[in-house]
Structure formats: C-alpha cells, structure tokens
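[1] return a 3D structure for these sequence lines:
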Amino acid sequence: MNDIFSELHHALRTGCDTVLVTIVDDDGSAPRGRGSQMLVSAAGRLTGTIGGGAVEASCIAMAKELLPQKASAQHHFALHPNPGEDIGMICGGNVTVWLQYIAADDAHWHSLLAQISALFAQHTGGQLVLYADGRAPALLDANGACLVAGHPEISDKPEAKRFVLPFSAGERAVIFGAGHITHALVPILKSVGFRPVVFDCRPELAQACRFPDAERVVCGDYAAIADSLALAPEDYLVVMTHGHLHDFEVQLQVLQKQFAYVGVIGSRAKTAADHARLLAEGISQQALDRVHTPIGTKIRAVTPEEIAVSIAGEMICVRAEARDGAQDRHHPCPMHE
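    Prediction:
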C-alpha cells in the first residue's frame, strides 16, 4: 500500500495524470479481493496489482481511455462464462472495480498524500475514503477521525456511494539474531509489507550496512532488551540468536507479554528443554502455546534462504488471520448506495 501512495505522489509531483484502480467489492472466487489496488498512467501500469490476468488487462485499457476524458468510472466483472461480458475467466466469482481519475495538479490529492506520508513516517495507518460521485476523497486516521475532508459540493447526499479503504504502515517484525537466515529474511519481509528490525548483541554483525532493507538495526543485550528497544503488543517477533542461552533469555522476557506473533527457531528437543525451563521460571503454559516453534511452515527447508521463505510464509499467514479478524470488527464497506 505504501508503494501505491508513494508512486502516486511521485507521479503527481512530476506532472503525470493517473488513474487509481481499486477493487471495491468482491464475492466468490477472484484473483484478488476487496482493497487491492494498482496505479495506471498513460504509459500503463505504474505499480500495484488487482490480480493480473484479464481483469487487470481490461482495467489498464479502461484507465487509459479515462485519462484523456479526465473521468472516473465503476465497472463490474463476472468471472465466469456469461452472455453479458465474458472476459474468459472461470474463477466463479465477481469483482467491482472503481477507477479514480487523479489530475496531476489536483491540490486536494497533493494535500491528502502529504498527510498519508506523514502517517507512514509515524508508522501509523489510516483510512482512505473514495466516493463514486466524483467528489474529492477524504482521509481518516485509524480511529475514524477526519484528517482531510472530502469536498461535498458535488453531491450533498449523505448516502452517496463510497468505499472506505483501511491502510497500514506495515507490521513491525523484530528479529533477534543477525545471522545468515536473518540476512535472507529481512528483504523478504520488507517485500511483503513488514518493517524489519534486527537485534543482536554482536557489534560486528549488528550494522545497518549489512541489512539495507531493515528499518533499524539494534546492538543490545539479549538479557535486557528493553534497555535498547521498546517492544509493542502488535510486533511480530522472531527468535533465532546464535546460542540457546540467548534464545532462552529473549523468550523469558517476551513471553511475559502478548505479541502478534512469536516464532522461535530450534529442534523439537531444544523446544522441549526450553519450555521446561520457562515453566520453571514462571512462564505460563498458555504463553508457551502461543509460540510458533519449530518456526516456519513445513516445506522441508534446509538452506538459510529456504528457511527464510518458510518463516515469512508463516508470518504472512498469521498476519492474514489477524487482518481478517480486524476486518470483521471494522470491515471496509463496499461501494453502496
């Protein structure tokens, strides 16, 4: 999501009109779901994806037609053979797409994107409100408070079609240990929207130049994490230091609180030994049950790169489940009357 807004801001600053393409409703099987976006200019797709294939190709063509018209549009795709518009897809679902024309000199969008950049700089998210009647969008903070109001003069109907799109600055992933697996894991996590932070006690390894994709690299004491880094409940924690003692020291601290994810590398024998010691130190069985160990999805990974893929896959799955739960509580509304 950050890439979409960054590329859009760059396009507008360089005088390029664009069309922001958003899936605003879906049901059944589809390549991508509600909230997926891509950005299109006269030259074609700039960034993002709504799933590839026929729907994406059709939307790119539509966006190119809308640009000289300076117009926005909504389109519904039936992803199954039908007598109306058969685009050759047999997924079986349906998607509705909103194509928002954005002029390069639109001061409202410039202001809105500057505010979004400020939110990302603070590592916080918000909600973008798009309207299907042509009015300018609104920006809300994560709690729903208005940061940038939309322009209501085009339509004074409160029931005007709209789509509320939550966006996130990305979940922070704190990796304890700066070894080979971490070196492979950090760029993968960044590429899928996490904000990696590396923590290690060895000054020669805890260097920013070794992890250019990390948000931060911390050299600190494994036995006193809070002295160097403040952890938050929404953090994803990966424990894979260079020694069993350090793994234990980290677990003893982090398992006294609850985090979005805690994964610990090691064999089943190491896990059993660690858990016995942690129980003796007062860590509850409930806390131990939340730990993902041995870490990663079961893909028979061997090399550092394969293990990194395995860990990232598990973290993506946990994040998706958490986001689904949050969406159930604060779900974005589809375009509606």
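
[2] helices along this protein, start to end?
    All helices of the chain, identified by DSSP state H, fall at 2-13, 53-69, 107-121, 180-191, 244-254, 268-280, 285-289, 304-329.

[3] shaky segments in the stretch 101-250 of the chain?
    Within the stretch 101-250 of the chain, the ranges that satisfy pLDDT under 70 run 151-160.

[4] quick one, domains of this protein?
    2-167, 172-323 (automatic domain parsing).

[5] okay, which residue is most central for this protein?
    Here the mean C-alpha position of the chain is nearest to the C-alpha of residue 193 (Cα atoms, centre = their mean), at a distance of 4.4 Å.

[6] quick check, residue 72 in contact with residue 98.
    Yes: with contact defined as Cβ atoms under 8 Å, residue 72 counts as touching residue 98 (7.4 Å). For glycine as for every other residue, the C-beta is placed from the backbone atoms N, C-alpha and C.

[7] and for these two, which residues touch both?
    Taking Cβ atoms under 8 Å, 6 or more residues apart in numbering as the contact rule, residue 72 and residue 98 both touch residue 132.

[8] and the two? which has more neighbours close in?
    Higher neighbour count among residue 72 and residue 98: residue 98, with 24 against 19, using other Cβ atoms under 10 Å.

[9] can you give me the strands in the stretch 151-300 of the chain?
    Secondary structure of the stretch 151-300 of the chain (DSSP state E, counting those that start in this stretch): strands located at 162-167, 172-176, 195-200, 216-219, 236-239, 261-264, 291-292.

[10] give the other helices and strands that the first one contacts.
    Contact partners of strand 162-167 among helices and strands, from 3 or more Cβ pairs under 8 Å, 6 or more residues apart in numbering; DSSP states H and E: strand 18-27, strand 126-131.

[11] what about the residue sitting furthest away from the middle of the chain, distance to residue 252?
    Distance to the chain centre peaks in the chain at residue 280, reaching 37.8 Å (criterion: Cα atoms, centre = their mean). For residue 280, the distance to residue 252 (Cβ to Cβ, to the nearest Å) stands at 11 Å.

[12] same check, this time on residue 136
    For residue 136, the distance to residue 252 equals 52 Å [Cβ to Cβ].

[13] ok, the two, which is more surrounded?
    Between residue 136 and residue 252, counting by other Cβ under 10 Å, residue 136 is the more crowded of the two (21 against 17).

[14] the more buried one reaches residue 150, doesn't it?
    Yes: using Cβ under 8 Å, residue 136 is in contact with residue 150, at 5.1 Å.

[15] if we can go back for a sec, for residue 42, find the nearest of the strands of the stretch 151-300 of the chain.
    strand 162-167 (24.3 Å; Cβ to Cβ).

[16] for the closest one, which strands pair with it and how are they oriented?
    Using DSSP bridges, the strands paired with strand 162-167 in its sheet are strand 126-131 (antiparallel).

[17] wait, isn't residue 168 in contact with residue 123?
    No: judged on Cβ under 8 Å, residue 168 makes no contact with residue 123 at a distance of 9.5 Å.

[18] who has more neighbours out of these two?
    For residue 168 versus residue 123, the count of surrounding residues by other Cβ under 10 Å is larger for residue 168: 19 against 14.

[19] now that one. Nearest residue, chain neighbours left out?
    Spatial nearest neighbour of residue 168, chain neighbours left out: residue 125 (4.1 Å); criterion: Cβ to Cβ, 6 or more residues apart in numbering.
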